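>>> Here's my sequence, what's the structure:
(one chain, ligands or ions: 1)
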Amino acid sequence: MSSLRPIVYERVEHLPKTFSVTELAPMARPAGAVLCPPDRFDVIDVKNPFMAGNTGGVDKALAQREWSALRDAFSAAGARVELLEPLDACEDMVFCANTALLGVDAQGRKTCLPGRMTFESRRAEVGAMVAWARAHGYRIVDDFADPGLHFEGSGDAIWHPGRRLLYGGYGWRTDPQVYQGVADALGVPVIALALTDSTFYHLDTCFVALDEQTVLVHTPAISVEGMDMARRVFARVVEVDADEARRFACNATLLAPGVVAIDRRASGTGARLRELGYEVVALDTGEFLKSGGSAYCMKNAFF
Ligand code: ARG
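Next up, the predicted model:
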């Protein structure tokens, strides 16, 4: 029996030989999801490969309908939905996963680590997410990393479902050096996962933990060292091919335990998940795919 120390793990040799995820302390399940209506959503500042060629090409009315269906899917699954007020000139604010990591520290305190956005055009979003967290009883830890380092919140830092363990993606939007501070602020071990393909620029574009045993992952987008560690933790690794990954199959989100929302374009993955026993809610997030996002990053799970 051995648990994990709250440090950053970078290679499988650093994990205890007999480590099993079921020995880790339990972590609260999310109570719901913070969402931001897409009133100001647009593709303006091109920040990822999916956005190229889509500037000004958003169908605003369709985006509203797609977003409403996602919000309703969370509610129908029993999740509480909290809304942010959209800010002018924040066209990416609908992707509110990125502007903070929300969690619970080892003492049980609700804790918010504000995002440190890579792109200037997203920095004004952070205050709204932090204000929401403060108003909902979160302690805000601002000084978890040196100034100048980047950290894109729940887009790159992903909780293991139900366990005190975090996956920390890095390479494009988040600097690896932030994760020791994240581990310290939350009192949680972090498995660092290097992202190797600029198409899959946030961890949530290529990796989603579906339950304690299962991860859905596009393995070529994660370093060999990272996948070695992930395979030690997850009993079931469901691999997604490049075509499905480009349709944001791995940006699927849990609506509730066992209930997964996924873009309908990733139909092969949806069918696979149904075979594995998940309830699958196929949604259309086509307008948001133009900006390089889908269901997972259109919410920030709260506790
Ligand atoms: N247009 C946004 C950006 O590039 C999309 C963010 C999507 N977020 C995510 N976690 N995948 O910043």
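>>> Pull the contacting residues for Ile7.
Gln180, Ala183, Pro189, Val190 (Cβ atoms under 8 Å, 6 or more residues apart in numbering). C-beta: built from backbone N, CA, C; applies to glycine.
>>> Next, the contact list for the closest residue to Asp39 other than its chain neighbours, please.
Take Asp39 and drop its neighbours on the chain: the residue closest to it by Cβ to Cβ, 6 or more residues apart in numbering is Pro86, 4.3 Å away. By Cβ under 8 Å, 6+ apart, Pro86 lies in contact with Cys36, Pro37, Pro38, Asp39, Arg40, Met93, Val94.
>>> picking that back up, how about the contacts of Ile7, which pair is most distant?
The largest separation in the contacts of Ile7, counting by Cβ to Cβ, is between Gln180 and Pro189 at 11.1 Å.
>>> So for these two, which sits in the more crowded spot?
Pro189 (21 against 17; other Cβ atoms under 10 Å).
>>> Was I right to think that one contacts Leu4?
Yes: applying Cβ atoms under 8 Å, one finds Pro189 in contact with Leu4, separated by 3.9 Å.
>>> can you list residues touching both of these two?
Leu24, Leu165.
>>> just to revisit the earlier point, tell me which of the contacts of Ile7 is nearest to the ligand?
Val190 (17.6 Å; Cβ to the nearest ligand atom).
>>> Next to the ligand, which bits of the stretch 101-250 of the chain? Give me the list.
Residues of the stretch 101-250 of the chain lying near the ligand by Cβ under 6 Å from any ligand atom: Arg122, Gly155, His202, Asp204, Thr205.
>>> Tell me which of the residues you listed fall in strands.
Judged by DSSP state E, strands contain none of those.
>>> want to try a markdown table for those residues, with pLDDT and distance to Pro49 as columns?
Formatted as a markdown table, these follow (pLDDT from 0 to 100; distance: Cβ to Cβ, whole Å):
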| residue | pLDDT | distance to Pro49 |
| --- | --- | --- |
| Arg122 | 98 | 17 |
| Gly155 | 98 | 16 |
| His202 | 98 | 12 |
| Asp204 | 98 | 16 |
| Thr205 | 98 | 11 |
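>>> quick one, strands of the stretch 151-300 of the chain?
In the stretch 151-300 of the chain, the segments counted as strands under DSSP state E, counting those that start in this stretch are 157-159, 166-170, 190-194, 207-211, 214-217, 236-239, 253-256, 259-263, 279-283, 300-302.
>>> Return the member of the residues of the stretch 101-250 of the chain next to the ligand nearest to the ligand.
Gly155 (2.9 Å).
>>> How about the contacts made by the closest one?
Counting by Cβ under 8 Å, 6+ apart, the residues that Gly155 touches are Phe95, Ala97, Asn98, Gly169, Arg173, Thr174, His202, Leu203, Asp204, Cys297.
>>> Is the fourth one bridged to anything, and to what?
When bridges are called by DSSP bridges, Gly169 pairs up with Leu193.
>>> tell me the contacts of it?
Going by Cβ under 8 Å, 6+ apart, Gly169 touches Gly155, Asp156, Ala157, Ile158, Leu193, Ala194, Leu195, His202, Leu203, Asp204, Phe207.
>>> repeat for the first one
For Phe95, the contacting residues are Gly155, Phe288, Ser291, Gly293, Cys297, Met298, taking Cβ under 8 Å, 6+ apart as the criterion.
>>> phi, psi of the nearest residue to the fourth one once chain neighbours are set aside?
Spelled out, it's Gly293. Nearest residue to Gly293, sequence neighbours excluded (Cβ to Cβ, 6+ apart): Phe95, at 4.7 Å. Torsion angles at Phe95 (phi, psi; degrees, to the nearest 10) stand at phi -90, psi 70.
>>> what about the protein, any weak spots by pLDDT?
Low-confidence segments of the chain (pLDDT under 70): 1.
>>> Could you pull out the helices in the stretch 151-300 of the chain for me?
153-156, 179-186, 224-233, 242-246, 267-275, 286-289 (DSSP state H, counting those that start in this stretch).
>>> if we can go back for a sec, is it possible to export the contacts of Pro86 to CSV including secondary structure and neighbour count?
Below are those laid out as CSV (DSSP: H, G, I helix; E, B strand; the rest coil; neighbours: other Cβ atoms under 10 Å):
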residue, secondary structure, neighbour count
Cys36, coil, 28
Pro37, coil, 17
Pro38, coil, 26
Asp39, coil, 16
Arg40, coil, 16
Met93, coil, 25
Val94, coil, 28
